[in-house]
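Student: sequence isn't available, so here's the structure alone:
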């Protein structure tokens, strides 16, 4: 079996000669630009209208815990694309609002790019073993870890997770189900 075919990490530059800067960026084999674009397009098509998503008339206090669970399950299924965009928006807000985090991401990208350029010139060998792109990514992470630590990346991750859980959880719990959803969720007595 060919080593490049079995490697889950492949360079776009090797596949697309002369593809410019974007083509030289590293992406896992299954994540080409087209795959990412298709995923985003599918999310956009399945997104519910934002007007109905934030319509205040459709929010109410659930009667009991069972109704909360029903609402959360059904609303997560109904509004999953909206919730994904909220999560991505919170990540973007966190990155943009923290200059140190922007610097840390720049250091990480720069370290990986420098390591990647070095391997294009000559294969990197450490302790007699050639570094794969996965190892290179780990090395870049190790080099930039102190900067991420100083930037408070751990706190940023937990802030994003907490804010996402609070926003999405409260929306899913308090947004009323549509009448067609209620008919499906009614249980028969046994």
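Tutor: Okay, I see it. In this text the structure is predicted, and so the values were computed from the model without any measurement.

Student: contacts and neighbour counts: CA atoms only from here.
Tutor: OK.

Student: mind listing the helices for the protein?
Tutor: For the chain, the helices defined by DSSP state H occupy 3-6, 12-15, 20-24, 33-46, 50-53, 65-78, 80-96, 99-121, 133-151, 153-174, 179-185.

Student: compare those helices and give me the one nearest residue 127.
Tutor: Evaluated with C-alpha to C-alpha, the helices of the chain place helix 133-151 nearest to residue 127, the distance being 13.0 Å.

Student: what does that closest one contact?
Tutor: 9-10, 100-101, 104-105, 107-109, 111-112, 115-116 (C-alpha atoms under 8 Å, 6 or more residues apart in numbering).

Student: of those, just say which sits nearest to residue 164.
Tutor: Taking C-alpha to C-alpha as the measure, residue 164 lies nearest residue 101 of the contacts of helix 133-151, at 18.9 Å.

Student: count the residues that sit near that closest one.
Tutor: 21 (other C-alpha atoms under 10 Å).

Student: nearest residue to it other than its sequence neighbours?
Tutor: Closest residue to residue 101 apart from its sequence neighbours, by C-alpha to C-alpha, 6 or more residues apart in numbering: residue 151 at 5.2 Å.

Student: tell me where the protein is predicted with low confidence.
Tutor: 1-33, 179-190 (pLDDT under 70).

Student: ok, the residue positioned nearest the centre of it to residue 55 distance?
Tutor: Per C-alpha atoms, centre = their mean, the C-alpha nearest to the average position across the chain is that of residue 88, at 6.8 Å. Distance of residue 88 to residue 55, computed by C-alpha to C-alpha, to the nearest Å: 21 Å.

Student: noted, bye for now.
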